[in-house]
Structure formats: structure tokens, C-alpha cells
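Chemist: Predicted model and sequence below, questions to follow.
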Protein chains: 2
Amino acid sequence: MEIHRKRVTLRDVAATAGVSPSTASKALNGRRGQVSEATQARVRHVAEDLGFTPNALAQAMHTTRTGTVGLITDDLEGRFSLPILMGAEDTFGADRTSVFLCDGRGDPIRESHHLRALVSRQVDGLIVVGARPDTRPSVSHRVPMPVVYAYAASEDDNDHCVTTDNVRAGELVAEHMLALGRRNIAHISGDPAYSAAQERVEGITSVLAEHNLNLTARPLFGSWTETWGRAAARVLMEGDHPVDAIIGGSDRITRGIIETVKAMGYRIPEDIAVASFDNWDPLVSGGQPPVTSVDFRFKEIGRRAARLLSLALDSAVPEGSREVVEPQLVIRESSVGL
Amino acid sequence: MEIHRKRVTLRDVAATAGVSPSTASKALNGRRGQVSEATQARVRHVAEDLGFTPNALAQAMHTTRTGTVGLITDDLEGRFSLPILMGAEDTFGADRTSVFLCDGRGDPIRESHHLRALVSRQVDGLIVVGARPDTRPSVSHRVPMPVVYAYAASEDDNDHCVTTDNVRAGELVAEHMLALGRRNIAHISGDPAYSAAQERVEGITSVLAEHNLNLTARPLFGSWTETWGRAAARVLMEGDHPVDAIIGGSDRITRGIIETVKAMGYRIPEDIAVASFDNWDPLVSGGQPPVTSVDFRFKEIGRRAARLLSLALDSAVPEGSREVVEPQLVIRESSVGL
DNA sequence: TTGTAAGCGTTATCAT
DNA sequence: ATGATAACGCTTACAA
């Protein structure tokens, strides 16, 4: 570990370059026409030499733009927030904007602390990532900077939101199954209290209805776990509805479904085609067979949220802008074979 | 979205309270003895009223402490970095320190940009989280603030590091298997280029050696995937070494192992006890059976890294401090039955 | 083209 | 107990 030498300031640069601080400032900021080529070059050289790094805090006190944003989340696993963060970095540019990641852990008090801290740090804006796709309480009235809600919409219609489309996700899977010629489609979902669960059902059934079809059995609700997937699959397959396709409510559920269905002697996808929601790599890519699943494109959500935030910063966007990121079906062997 | 009213400053508070800015400052910072009870109360009330939030940037310009740290990582999934971040938040206190999360995505140039930005933003310190437990290049010489390396150690012996103990992890699993009475223990590992793979083998074999035992077959190396786990398990079980326990190199590998072993008609754990490394919930908790696995305690790593960083900030720690977080075996039904 | 001076919001020092 | 003043590092009128 090296000595933490006193930081070199613009004054130091100016001094050793033999100019005034203001000239140095202009030189480094490339104020063309306000400084001679020669001086500019010399100052830049000295700055480089001395290892000068501008103090962003001091800069921010003028521009009233800190180049920082807060990303506030409750998502302990980082399943959503990290891809969203990365998407936001993409849009902002890693060199222009830095992101404070704050995890509220589902505790409103903790969230309040984070909010206060972020306001105090003068972040330019906030991205609030919900833990589940249901709407969540607005925080916009509590902070003096623009807020964009990502993944989960805000309860307040005046807020900016970038969300997924669970209905569409359901449609995608159903269309896929129909295209494969499946007609006896079942659905094993998760916790019915999640709006996502309801909306996916809605998407599935609406597509089926267009083809004068219905789910072969009532959708089964339970929890978002493998255990439930296994149990429900057994119930389903032992029932007397014909089944040639099962849509799992999440990748975890689907892993359970696949295990049970295979254990009961059915072939996937020949006898039973299977598809799912989430497209979470550790569950989906290594399965036997790998699982067809809907990707909600979190990274794209992050990009769009960042873009919306940028616009909001320039007041270049109307109140209550809502964007929806189209989900995408990723087809693997659990539905189409090799 | 509400009007972004001009931020209220300390001057505003002071003015409406009828005192000078410096008095207001003292009042709000509770400088006891330097301000009368009455004034203090009045100023505080006004501040509350006006919704005053101190400008942390301006504050930082005096204290030379910003209350921010950078967490720089390459871990796209957040598998390590998020728990570590949360641990760090625990130690620092969410209300006193905010964390910039920066993902280098394995690209040194991107990492450099982030570093430069963080230096510019005057972060008090840096936590560098490696993507894999092998040592990684030091960045300490490039920044003027203390750095702690978490999960992966730095190549430079003078750096502060908080790491896992993969040898110990191997020992834990091996001891567990021996305690269960298993004597024919096999190991299906991942990519041999990872030091973690080698060290876990080392831990396992050293414990066996203490009991005058050896692995029942040479450890099998491949990749960190379920697919490899399945393939290797088949090879292993079709070989002519007796096997009553298999240690998987990671939870993904182990999922594959379990699937194959069950498919071949063995009971887990009665015929074959299985254990693993990572204790990654989505893979481990919902399995059939749930998987015994070593937890590397990332959150604790984060706490310790933050603590070390705090000490380093006060120069209260010697150069090249190394801390090792003891891993922990989490026992589930894949090894002990019900 | 360059330098001087003021100011961003806060705190610390020193008078009063 | 309170307030005037300087200072933190930088930018930007404005003056030279």
C-alpha cells in the first residue's frame, strides 16, 4: 500500500504550469478560443504528469449536476437489480455517471435512510427497482429529483415507469405451444397474490381463446418453488385431463415440473412440451433438457429507465411516462427437441 | 411528478431562523455548549419545516471524508458482489456510507474508467471483488485511497484482503462424509484452472489422508456446469470403484450429479451421499433432495472487508492485512436423510 | 489570451 | 452564545 500523498489540485497544476487556476481550468475543459494551443498543451501535460484528477464534488457545486444516480432496490438476490444496473451503466456511460446501489431489504425505514442519504449526496436522479412486479409505493414526493420506477410500477400514475409485460409473456409462451401443435396445454403457476401470476394466466388464456381453446385444466397456483412444481406436476399428470404441454410459472417451478414429468416416464418434449418464465441462466441452461423460457430483458429495462431518467433530468419528458419492455421467448430443447 | 423546487440551503434555514449560517450549522450539528438550547431548538424546527437536507458534497469539502466507497466487481450475476455489498452496508451503516457499485465486466479498460471516476468522486475507499477466487491484479497503486480486496486476493502481498478458505471448505465436506461413515468418496470438480478447484481437492484429500484414506477414484475435472456433472457422474458410477459418497465441485455440478445418480437407480443419501460447494439457494434448497453444501458466507466477507477498510481509513491497520472467513457447512437431506 | 474575483454550501477558527 | 471570515476545489463572469 502506498503513501496517500496529498491530492493534487487544480491550483497545483496551474502553479507548476505557470498559469492561473482559471486558465488551467479552461485548458483542461477544452474551452476553445479562450486559451492558446500552447498553454492548453502545457497545462494538459502538467496535469498528466502530476496525476491530477479533478474533484468531482467541487465541480458538482457549480453545475448542479453530480453525475450520480441512486438505484434503490429490495431485491436481495440481485436477480433484477444487477442487470438493470448494468443496463443503466450502458446508457449513462460508465465514465460519466456513477451509481449508488442501495438495498432496502424490504424495510421502509432502511429505505428512508437510503433516500435521505441519496438526497443529501445530491444524486441527479433515482431508479427504484421493485422486488416483485406488483406496483409499489411512490417515493417521488419525498425527493427533489426525478425518479423512474423500473420493473415494478409506482402506485402513482404521475410517476415514470419502465415495466415488463407479463400478459405479453403469457401470450408468447402460449403462441409458441400452439405453433408446435400442442392443444392440451396446462399451466402450473406460483403464488396467486402476485400480479405477475395473474397476468401471465391472462396472456395464456387469451391466446388460447383466440383459437377457441382453453387450458386443459384450471391453472394450479402455489408457490414459486421447485417443490411446488414437482407436486403440482404429479397432481396434473395423474388427473384425467389430456396434457401435451405444460407452462411453468417460473424457472424454479419448471425445474420441478420437468423432474416429475420425466420420472413418470414421459419424454420431454416429445410427449410433453415444457416452457417457463424468467430465463434465469443457472436454472435454465443446464437443465435436462434445457428449458424454453421467457426473458424479461432486465438489462433493456435498465437502459430504458436510464434513458427516461436522462430525459426527465432535462424536463424533456411528460409526467407519468410509461414504457413497457417487450419480453422475449428463448427457445430451448424442452419444447422443440433437437 | 412534483416541481423540483430550488434546494433549501443552510443559509435559508439560518435566515428564516434569524441567525447566522455558522450558528445554524452548530445548532444542527449539535455542537453542545456552543449554542443555546433555545436557538438549537428553533433552528432545528425551521430546518425541519423547510425540509432542509444538508449538502453532503459541500460537507465533504471540509472533512475530506465523503462517506462513500466504491465497490468494483466483475461478477455479472451479482452472486458474490451483492451479498458482499450488503455486508458492507451492515458494517458501515446505511445512513453514514453510500456505495458506488461498478461492474467492470471483465474489461480492464472499463475498470479503469470506473477507477478514475471513483477517484474523481473522492470515495473514501475501495472494495474490489474478484469474479473468481484466484488472485487478481492489484489496483492499489493507481488510486490514492485504501483498497480492500474481497473474495479474490490481490497479487500484491502488501494489499489488504478478505478471502474465503477453499481448502477448509474441502475439509468440511470430507469430514462430514467421514462422520457419516462413508469411506468410498469420489469428487467431481469443475475447471481445473481455478485455484478453488485445486484447493478444495487439497482439503478433501488431506482429511482423508488423516484417516489413511484416499479418494475412491481420481477427482474428475471438467467445467462448472450441470451437464458436466451428469456426464461425470455416469462415468464415475459405471466405473469399477466402489462409491458411497460424491462431492460435487459446485451446486450446478451437483445438480447434474444428483440427477444422474438417481436416474441410475441409486437412492440419495442412502446409497450415495452427496454434498457440494456454494450453497446457492436457487439450486440447493429446492432440489430433490435438498443439497448439503458449503456456504462461503459472502455477507460476512463484506462485513469484514468494510471493517478492514474502516481501519485502513484511520491508518489503524498494518500493511498487507489478510483475513480469512471460515466457510460453513449447511447440511441438508442429500447427505443425511430425514 | 490571460488573470482576478466571486461564489457554490458547508464548517472551523477566531473574534466579539 | 453568536457571528464574521476564511477555506475546501473548482468554474465562470468580468476585467485587463
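Modeler: Done, it's in.
Chemist: I'd like the distance from stretch A:110-124 to the chain centre, please.
Modeler: 21 Å (Cα atoms, centre = their mean, to the nearest Å).
Chemist: Mind jotting down where the helices sit in the stretch 1-150 of chain A?
Modeler: In order along the chain, the stretch 1-150 of chain A carries the following helices (DSSP state H, counting those that start in this stretch): A:10-17, A:21-28, A:37-50, A:56-63, A:81-92, A:108-120.
Chemist: Tell me which of these is the most buried.
Modeler: Most buried of those by mean neighbour count (mean count of other Cβ atoms under 10 Å in any protein chain shown) is helix A:81-92; its value is a mean of 24. (C-beta placed from N, C-alpha, C; glycine too.)
Chemist: wait, does it make contact with chain B?
Modeler: Yes: remark: helix A:81-92 sits within contact range of chain B at A:81-82, A:85-86, A:89, by Cβ under 8 Å from any Cβ of the partner chain.
Chemist: now, the most widely separated pair of these?
Modeler: A:S81 and A:E89 (12.3 Å; Cβ to Cβ).
Chemist: Tally up the residues packed near the residue nearest to A:R96 when sequence neighbours are not counted, please.
Modeler: In this structure, A:R96 finds its nearest non-sequential neighbour in A:G67, 5.8 Å apart by Cβ to Cβ, 6 or more residues apart in numbering or on different chains. Residues contacting A:G67 under the criterion other Cβ atoms under 10 Å in any protein chain shown number 19.
Chemist: which residues sit in contact with A:G67?
Modeler: A:56, A:60, A:96-98, A:124 (Cβ atoms under 8 Å, 6 or more residues apart in numbering or on different chains).
Chemist: Out of those residues, which one has the lowest pLDDT?
Modeler: Here the lowest pLDDT out of the contacts of A:G67 sits on A:R96, with 91.
Chemist: So that one versus DNA strand D, what's the distance?
Modeler: 14 Å (Cβ to the nearest atom of the strand, to the nearest Å).
Chemist: With A:G287 instead?
Modeler: Taking Cβ to the nearest atom of the strand, one finds A:G287 at 53 Å from DNA strand D.
Chemist: mind listing what that residue touches?
Modeler: Going by Cβ under 8 Å, 6+ apart, A:G287 touches A:255, A:258, A:334, B:226.
Chemist: Filter those residues down to the ones in helices?
Modeler: Using DSSP state H, the subset of the contacts of A:G287 located in helices is A:255, A:258, A:334, B:226.
Chemist: gap between the two ends of stretch A:178-187?
Modeler: Taking Cα to Cα, to the nearest Å, the first and last residues of stretch A:178-187 lie 14 Å apart.
Chemist: Just the mean pLDDT for it, thanks.
Modeler: Averaging pLDDT along stretch A:178-187 gives 98.
Chemist: now that stretch, how far from the centre of its chain.
Modeler: The chain centre lies 30 Å from the centre of stretch A:178-187; the measure is Cα atoms, centre = their mean.
Chemist: Equivalent analysis for stretch A:120-132, please.
Modeler: Using Cα atoms, centre = their mean, the offset of stretch A:120-132 from its chain centre is 13 Å.
Chemist: Quickly check: that stretch near chain B or not.
Modeler: Yes: Stretch A:120-132 is in contact with chain B by Cβ under 8 Å from any Cβ, via A:120-122.
Chemist: any chance of the residues you listed in a markdown table, plus distance to A:I72 and pLDDT?
Modeler: Formatted as a markdown table, the residues of stretch A:120-132 next to chain B follow (distance: Cβ to Cβ, whole Å; pLDDT from 0 to 100):
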| residue | distance to A:I72 | pLDDT |
| --- | --- | --- |
| A:S120 | 14 | 96 |
| A:R121 | 13 | 97 |
| A:Q122 | 15 | 96 |
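Chemist: Looking at these, which is nearest DNA strand D?
Modeler: Distance to DNA strand D across those (Cβ to the nearest atom of the strand) is lowest for A:Q122, with 13.0 Å.
Chemist: quick one, phi psi at the residue nearest to A:R96?
Modeler: Backbone torsions of A:G67, given as degrees, to the nearest 10, read phi 70, psi 30.
Chemist: A:F277 too?
Modeler: A:F277 adopts backbone torsions of phi -120, psi 140, taken as degrees, to the nearest 10.
Chemist: Any idea how many residues pack against the residue of the stretch 101-250 of chain A found nearest chain B?
Modeler: Residue of the stretch 101-250 of chain A nearest chain B, by Cβ to the nearest Cβ: A:E226 (3.2 Å). The local packing of A:E226 (other Cβ under 10 Å) involves 28 other residues.
Chemist: What ranges in the stretch 1-150 of chain A fall below the confidence cut-off?
Modeler: Under the criterion pLDDT under 70, the flagged ranges of the stretch 1-150 of chain A are A:1-5.
Chemist: Give me every residue in it lying close to DNA strand C.
Modeler: Proximity of the stretch 1-150 of chain A to DNA strand C, by Cβ under 7 Å from any atom of the strand, involves residues A:18-23, A:26, A:33-36, A:38-39, A:58, A:61-62.
Chemist: Of all pairs in those residues, which one is the farthest apart?
Modeler: A:A38 and A:M61 (30.4 Å).
Chemist: how close does the residue nearest to A:R96 get to B:I72?
Modeler: According to Cβ to Cβ, to the nearest Å, A:G67 and B:I72 sit 17 Å apart.
Chemist: do the same with A:N279
Modeler: Plainly put, A:N279 is 27 Å away from B:I72 if you go by Cβ to Cβ.
Chemist: Check A:A94 too.
Modeler: Separation of A:A94 from B:I72 (Cβ to Cβ): 11 Å.
Chemist: Can you pull the residues that touch both of these two?
Modeler: Overlap of the contact sets of A:A94 and B:I72 (by Cβ under 8 Å, 6+ apart) consists of B:102, B:114.
Chemist: Now A:A27. Nearest residue, chain neighbours left out?
Modeler: In space, and not counting its chain neighbours, A:A27 is closest to A:V43: 3.7 Å by Cβ to Cβ, 6+ apart.
Chemist: mind listing what the one you found touches?
Modeler: Neighbour list for A:V43: A:13-14, A:17, A:19, A:23-24, A:27-28, A:35 [criterion: Cβ under 8 Å, 6+ apart].
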